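# Predicted model and sequence below, questions to follow.
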Amino acid sequence: MADPHSSSQDTSVSMLLPGHAVVEPLGQAAMRLGFVTEDQINEAAALQHEYAQAGLRKKIGEVMVEKRQITSDQLEIIVKNQTVSHKRIGDYELISKLGEGGMGAVYKARQMSMDRIVAVKVLSPAHAKNPDYRTRFESEARAVARLNHPNIVTGIDAGNTEGIYYFAMEFVDGETLGQMQQRAGGKLEERETLKFVRQIALALKHAHECNLLHRDVKPDNILVDKNRLVAKLADLGLARDAVGGDCGATRAGQAVGTPFYMSPEQARGKDLSPATDIYSLGGSLYHLLTGQIPFSGTSAAMIMARHITDPVPNPRIIEPRISSATAKMIVKCLQKDPADRFRTATELIDEIDRISNGTKQLDGIGAAKGKQPPTGKTQRSTPVDAKTSTINRKRRWRQNRENSSSMLVILLVVGLLAVALVYAVTSSNNGRTKKRPTPVAAPNGK
Ligand SMILES: Nc1ncnc2c1ncn2[C@@H]1O[C@H](COP(=O)(O)OP(=O)(O)O)[C@@H](O)[C@H]1O
Ligand SMILES: [Mg+2]
């Protein structure tokens, strides 16, 4: 199956920042640290190339993990140990690499003028040659500058120094939800995940109120601080105006975003509304709780097609420990028709609150009353809904049957006890009658 924790192109080529920084290729660092041989790197690179031809962009490190050449812990060590030389970009002194995505690399850095630690995203030199990528990179900084919210990474400064495009932002000391999920072995716990998803819904509410769509909501773009208290939405590289901006496609027929969590309308390159981000957040929650993406496939095109046509899978079939209220909420986020999803991020937040406060019976899968979109449409009954309610009916019936059986047993036991008691009383009376000594004359002769 495809690995959603990857979005970037090959990193086996040294990331050259001319005259400023040279980042050691990941494979070379892995070899230097003694984790792999050159042959293994070549094998991984060949597989990475095959994936790329199928439309799936995977990082070399992740391919190495997939081929079990290294573990994810070793990958983390390798990334942290990639050497960075010529470490200065303008006001920023690069300290270490934090991560890598579709646009380039992100570094932990010191902003010298302010003497503080920040994160600096640097557009990869290969992408810097492409005007589409340059525009996308610059628009991320502008999008972030329009927003001001505790659950959205704050922008600091953006610029271009000697041909190097950079974007400095607040440093989040922690990890992405995607990394947290991988460290946890594939699945996260429901209650805490809902806490993070609620915070991201708050971030989306703010972005949507500022007329901005994120368009790339996914676990890898959500940062969580190391105390696991605050989640922040990052990577606004694809953010666009909700109204009057471009639609889902950069060029005709070319959808942008990550196929794993992409809304059907985004996959089809149609006009987008805030509902597209709600879909992707629901898809992310699906993945975080079940350990599987909602729709998988061997190519990006196949995955996108399945988002458009396949019925919403019920997360509880994969992970029955998910509460039915949360499963229902996820399914609603993943409806094909945007009008059938939560209409706004606020509605999603309200639903999460109802689930978290336990005001909603965790077993009652029915949607909260009054939460239908005011479009006059009722939520469509999907095969999943039907399946879910059938499962619930069966469960209730089983429970009723179990309850009736318990009642029968209790009645039987009570009945037996009663019979035993009557028998005991009778026999003891008999015994007493039998054993009763023959009345003797009272000593006083009375
Ligand atoms: N502000 C930040 N603080 C800490 N780490 C960050 C920050 N921004 C990004 N990262 C790390 O860098 C990775 C790539 O960043 P992202 O903005 O998603 O870039 P891309 O556009 O290349 O996908 C993230 O997954 C995360 O690990
Ligand atoms: Mg990203």
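That came in fine, so what should we check first? Ligands and ions are numbered 1, 2, ... in the order given.

# which element is residue 106 on?
For residue 106, the element it lies in under DSSP states H and E is strand 104-111.

# Which strands and helices lie in contact with that strand?
Secondary-structure packing of strand 104-111 (3 or more CB pairs under 8 Å, 6 or more residues apart in numbering; DSSP states H and E): strand 92-100, strand 116-123. Glycine gets a C-beta too; all of them are placed from N, C-alpha and C.

# The ones you listed: which one's closest to residue 65?
Of all the helices and strands packed on strand 104-111, it is strand 92-100 that lies closest to residue 65, at 14.2 Å by CB to CB.

# tell me the angle of that closest one relative to strand 116-123?
60 degrees (axes from the mean of the first three to the mean of the last three CA atoms, to 10 degrees).

# hmm, back to that, just name the most buried of the helices and strands packed on strand 104-111.
Burial of the helices and strands packed on strand 104-111 is given as mean neighbour count (mean count of other CB atoms under 10 Å); strand 116-123 ranks first at a mean of 22.

# Could you check how far it is from the centre of its chain?
Its chain's C-alpha centre and that of strand 116-123 lie 25 Å apart, by CA atoms, centre = their mean, to the nearest Å.

# That strand and ligand 1, any residue contact?
Yes: Strand 116-123 is in contact with ligand 1 by CB under 6 Å from any ligand atom, via 119, 121.

# Tell me which helix or strand comes right after that strand.
Taking DSSP H and E, what comes next after strand 116-123 is helix 125-128.

# and the gap between residue 328 and ligand 2?
Look at residue 328 and ligand 2: by CB to the ion, to the nearest Å, they are 29 Å apart.

# Wait, residue 341 touches residue 333, no?
Yes: at 5.6 Å, residue 341 counts as touching residue 333 under the criterion of CB atoms under 8 Å.

# Pick out the residue of the stretch 251-400 of the chain closest to ligand 2.
Using CB to the ion, residue 258 is the residue of the stretch 251-400 of the chain that sits closest to ligand 2, at 8.4 Å.

# From ligand 1, how far off is that residue?
Distance of residue 258 to ligand 1, given as CB to the nearest ligand atom, to the nearest Å: 9 Å.

# For the stretch 201-350 of the chain, which residues score under the pLDDT cut-off?
When residues are selected by pLDDT under 70, those of the stretch 201-350 of the chain lie in 243-257.

# Contact residues of it facing ligand 2?
Of all the residues in the stretch 201-350 of the chain, those in contact range of ligand 2 (CB under 5 Å from the ion) are 221, 235.

# show me where the stretch 201-350 of the chain has helices.
264-267, 275-290, 300-309, 315-318, 324-333, 345-357 (DSSP state H, counting those that start in this stretch).

# Against which helices or strands is the fifth one packed?
What it means is helix 324-333. helix 275-290, helix 315-318, helix 345-357, helix 383-435.

# at 6 Å what do you get?
helix 275-290, helix 315-318, helix 345-357 (3 or more CB pairs under 6 Å, 6 or more residues apart in numbering; DSSP states H and E).

# Distance from that helix to the middle of the chain?
On CA atoms, centre = their mean, the centre of helix 324-333 falls 14 Å from the chain's centre.
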